[in-house]
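K.L.:
model the structure of this input:
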Amino acid sequence: MQDYEKLGAFYLGREHDLASGKTGTAPLLYDAKDLTTHAVIIGMTGSGKTGLGVGLIEEAAIDGVPVIAIDPKGDLGNLLLTFPDLAAADFEPWVDPAAASTRGKTIAAHASAQAELWRKGLASWNQDGARIRRLKEAAEFGIFTPGSTAGIPISVLSSFDAPSAALRDDAEAFAERIQATAISILTLLGIDADPLSSREYILISNILQHSWQAGRSLDLPGLIGAIQSPPIKRIGVMDLEAMFPAQDRFALAMQLNNLLASPGFATWMQGQALSARSLFYTDEGRPRVSVLSIAHLTDAERMFFVTLLLGEIIAWMRAQPGTSSLRAVLYMDELFGYMPPTANPPSKTLFLTLLKQARAYGLGLVLSTQNPVDLDYKGLSNTGTWFIGRLQTERDKNRVLDGLEGAGAGGGPFDRGAMAQTLAGLGKRVFLLHNVHETEPVVFHTRWALSYLPGPLTREQIRRLTRASAPAVPVEPPPAAASRRSDAPGRCRPGGDDHHGAPGTRPRYPPVFSAGHHAGRRAADLLRAGGWSRRGLLCQPYPRYRRAAGFRVRRGACRRAGGTRLGLGGADRHRYRRSRGSATGGCGIRAACCAGAPSVRLSWLGARLQDLAAHRSGAHALSQQDIQTGLCARRERSGFSHPAAAVRA
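P.N.:
Next up, the predicted model:
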């Protein structure tokens, strides 16, 4: 065993002499316990930040410390490229063909050269394939891709589950969880989520508080219904309708509904539940290194997911007993925009909370950035370890010098001029380590990474890598094929047992859409994306939406150009005709069905809508208005009070 293989000591490199430009032979060991006071890695592009971060994560994994690594660039997926045999065949699928062509080599020859380069590089730092094998055996590695199926997908719906009783009893933690969830939802919609001035935030946070205090969980469809018909009548001392009228609430609900009905959002509801416990450990208790790749997401989607994740980590952290040892690591690459010095994005408060409180629970944060001016000063003041690489501007150097002077080094005097000269002499892969637990700073050269580092991974590479090495995680089963049964119960019993499929499967009946927002071909596209072919339910309460969708009324039933007639039988036809002449009957039924679809009787159409409302795992949303509209199709009295739902061609 090498002299650096010590439990609780991270082998990061060797001390480096700036005057001579030579690197020593003695290993630089970083005490893992010091990471509980958090660390920041600062350096311009090309300074070696990624290599240092990868090395630190590798050391944590070898020591059995689980890691969650948030990866906005796509570099950290390289942690899964570990080849103990250092064989050229292992490197070949991951080398850059363009680099091989530039060097005038074949891909196989270039892979062989890379394998030899890695073998010699590891040997120069007293490492070999046996240490790579030890890394692979110490932890389970996986790339998680929220909003994509390239890696291991993550479902965000469970993030609205009611917190544990212990967390609900902690007033501060409970308020933080509500705030994080509400802000993340509104951030995804592009709505300003100021806790004091945003009525959308106030409404959603009150809905979450009301449901969670009762121990009831919510998902997005349930939240949409609660926004339209809130379980509360007053907010503060004001009446709900005066503060947030029903018409405005419906507009907010439709924004969420449109998001949920989007085919692209379906991937956010696939995969394992977002759980800090599952990301840190496997079901068997084995430590896990979870790389959360968010490079494919938009800025709003990144903020949405990071905010949900931080809230989940805080909830997990507060459930742990206190410790002075390093229990887990949260690594964030390229922190720009998540904890700025002036703006207040939803992630900023959560990061500051972790920096202030995570130490007591043994959770260490490592934050990486190119420019120190991008970080809030309060955050920098709560980090005990600074890894400072080559800086690009004088402004960055002055900001670092100000921070180091404020932090001090072992309580001794701070020589600003000498420190400025040291920072100016830093080169590639050479860092200044300032640790408040040590008496003086030290300059070191980072070691050779155990993982192969070809650069950011593409989606196809992530998909290929995940298939080969992804851990076994619970994934929701694919929805079953839609049934074509046309028989139905004699009465409309909302939520009746015979309207539901097996738990965890899609119901027999297709999703509901609002024609005002998904008319015509848009609805058909959504149906096909949900696996329903051309069958689906379409709520059409207004004539202008009927015309926009291409429907036309025809003697007691409707049909769409090119479709077949929807048959109405017996009493249903009689009621329909009566509704056409009634003062409150509205415009009656407007419907159509595609060729081959079964006829639908109004006596059970409302039950079908209620069936969809109860099925929370459906791919699309069902608004409360759609439910009420459909339930009007079945009344004990004759006639209609609202227009009914319709079957979509």
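K.L.:
please count neighbours and contacts with C-alpha atoms only from this point.
P.N.:
OK.
K.L.:
what's next to the particular helix or strand that has Val40 in it, contact-wise?
P.N.:
Following DSSP states H and E, one finds Val40 within strand 39-42. By CA atoms under 8 Å, 6 or more residues apart in numbering, the residues outside strand 39-42 that reach it are 49, 53, 364-372, 380, 383-389, 391.
K.L.:
looking at those residues, which are in helices?
P.N.:
Lys49, Gly53, Leu380 (DSSP state H).
K.L.:
now rank those by neighbours and give me the top one.
P.N.:
Within the ones in helices among the contacts of strand 39-42, neighbour counts (other CA atoms under 10 Å) peak at Lys49, which reaches 28 neighbours.
K.L.:
low pLDDT regions in the stretch 51-200 of the chain?
P.N.:
Flagging of the stretch 51-200 of the chain using pLDDT under 70 yields the residue ranges 157-159.
K.L.:
strands of that one, start to end?
P.N.:
Ranges of strands in the stretch 51-200 of the chain, per DSSP state E, counting those that start in this stretch, are 67-71, 140-144, 154-155.
K.L.:
now swap in the stretch 301-450 of the chain and tell me
P.N.:
With DSSP E, counting those that start in this stretch applied, the stretch 301-450 of the chain shows strands at 328-332, 363-369, 385-388, 430-435, 442-446, listed in chain order.
K.L.:
quick one: strands adjacent to the fourth one?
P.N.:
Read that as strand 430-435. Paired strands of strand 430-435, with direction, are strand 385-388 (antiparallel), strand 442-446 (antiparallel) (DSSP bridges).
K.L.:
touching the following helix or strand past the longest one from outside, list them.
P.N.:
Past strand 442-446, heading to the C-terminal end, the next element that is a helix or strand (DSSP H and E) is helix 459-469. With contacts defined as CA under 8 Å, 6+ apart, helix 459-469 is touched by Gly77, Leu80, Phe141, Gly142, Ile143, Thr149, Ala150, Gly151, Ile152.
K.L.:
now swap in stretch 10-25 and tell me
P.N.:
Contacts of stretch 10-25 (CA under 8 Å, 6+ apart): 4-5, 26-32, 52, 55-56, 59-60, 422, 425-426, 430, 442-448.
K.L.:
the residues you listed, buried ones only, as a ChimeraX selection?
P.N.:
Applying 16 or more other CA atoms under 10 Å to these leaves a buried subset, and the ChimeraX line that selects it is:
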select :4,27,28,29,30,32,52,55,56,59,60,426,430,442,443,444,445,446,447,448
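K.L.:
Glu440 contacts Leu432, doesn't it?
P.N.:
No. Using CA atoms under 8 Å, Glu440 is not in contact with Leu432, being 10.6 Å away.
K.L.:
looking at those two, which one has more neighbours?
P.N.:
Leu432 (23 against 14).
K.L.:
check contacts around the nearest residue to that one once chain neighbours are set aside.
P.N.:
Nearest residue to Leu432, sequence neighbours excluded (CA to CA, 6 or more residues apart in numbering): Val443, at 4.4 Å. Val443 sits next to Glu15, His16, Asp17, Leu18, Val430, Phe431, Leu432, Leu433 when contact means CA under 8 Å, 6+ apart.
K.L.:
could I get these as a markdown table with pLDDT and distance to Ile107?
P.N.:
Compiled in a markdown table, the contacts of Val443 are given as follows (pLDDT from 0 to 100; distance: CA to CA, whole Å):
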| residue | pLDDT | distance to Ile107 |
| --- | --- | --- |
| Glu15 | 96 | 36 |
| His16 | 96 | 36 |
| Asp17 | 94 | 38 |
| Leu18 | 93 | 38 |
| Val430 | 97 | 31 |
| Phe431 | 97 | 34 |
| Leu432 | 96 | 38 |
| Leu433 | 96 | 39 |
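K.L.:
and those, which is closest to Pro230?
P.N.:
Leu433 (53.7 Å; CA to CA).
K.L.:
tell me, how many residues neighbour the closest one?
P.N.:
19.
K.L.:
verify the contact between it and Thr439 for me.
P.N.:
No. Between Leu433 and Thr439 there is no contact under CA under 8 Å: 11.4 Å.
K.L.:
what comes up buried for stretch 5-20?
P.N.:
Residues of stretch 5-20 classed as buried by neighbour count (16+ other CA under 10 Å): Gly8, Ala9, Phe10, Tyr11, Leu12, Gly13, Arg14, Glu15, His16.
K.L.:
closest to Pro163 among the residues you listed?
P.N.:
Nearest member of those to Pro163, counting by CA to CA, is Gly8, at 33.2 Å.
K.L.:
which pLDDT value belongs to that closest one?
P.N.:
What the model reports as pLDDT for Gly8 is 90.
K.L.:
and for the one 4 residues further on?
P.N.:
Looking at Leu12, its pLDDT reads 97.
K.L.:
how about it, secondary structure?
P.N.:
Assigned by DSSP: H, G, I helix; E, B strand; the rest coil, the conformation of Leu12 is strand.
K.L.:
circling back to that earlier point, nearest to Thr106, out of the strands paired with strand 430-435?
P.N.:
When these are compared by CA to CA, strand 442-446 sits nearest Thr106, at 30.9 Å.
K.L.:
that older thread, let's have the strands of the stretch 51-200 of the chain in JSON lines, adding distance to Leu354.
P.N.:
What follows is the strands of the stretch 51-200 of the chain, written out as JSON lines (distance: least, CA to CA, whole Å):
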{"stretch": "strand 67-71", "distance to Leu354": "14"}
{"stretch": "strand 140-144", "distance to Leu354": "22"}
{"stretch": "strand 154-155", "distance to Leu354": "23"}
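K.L.:
now mean neighbour count and distance to Arg399 too, for the ones you listed, in JSON lines please.
P.N.:
Putting these into JSON lines (neighbours: other CA atoms under 10 Å; distance: least, CA to CA, whole Å) gives the following:
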{"stretch": "strand 67-71", "mean neighbour count": "24", "distance to Arg399": "25"}
{"stretch": "strand 140-144", "mean neighbour count": "25", "distance to Arg399": "35"}
{"stretch": "strand 154-155", "mean neighbour count": "22", "distance to Arg399": "38"}
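K.L.:
among these, which is nearest Ala360?
P.N.:
Ala360 sits nearest to strand 67-71 of all those, at 17.4 Å, using CA to CA.
K.L.:
okay, now the unreliable bits of the stretch 351-500 of the chain?
P.N.:
407-412, 469-500.
K.L.:
list the contacts of the closest residue to Pro163 other than its chain neighbours.
P.N.:
Nearest non-adjacent residue to Pro163, counting by CA to CA, 6+ apart: Trp212, 6.8 Å away. Contact analysis of Trp212 by CA under 8 Å, 6+ apart lists Asp161, Ala162, Pro163, Arg168.
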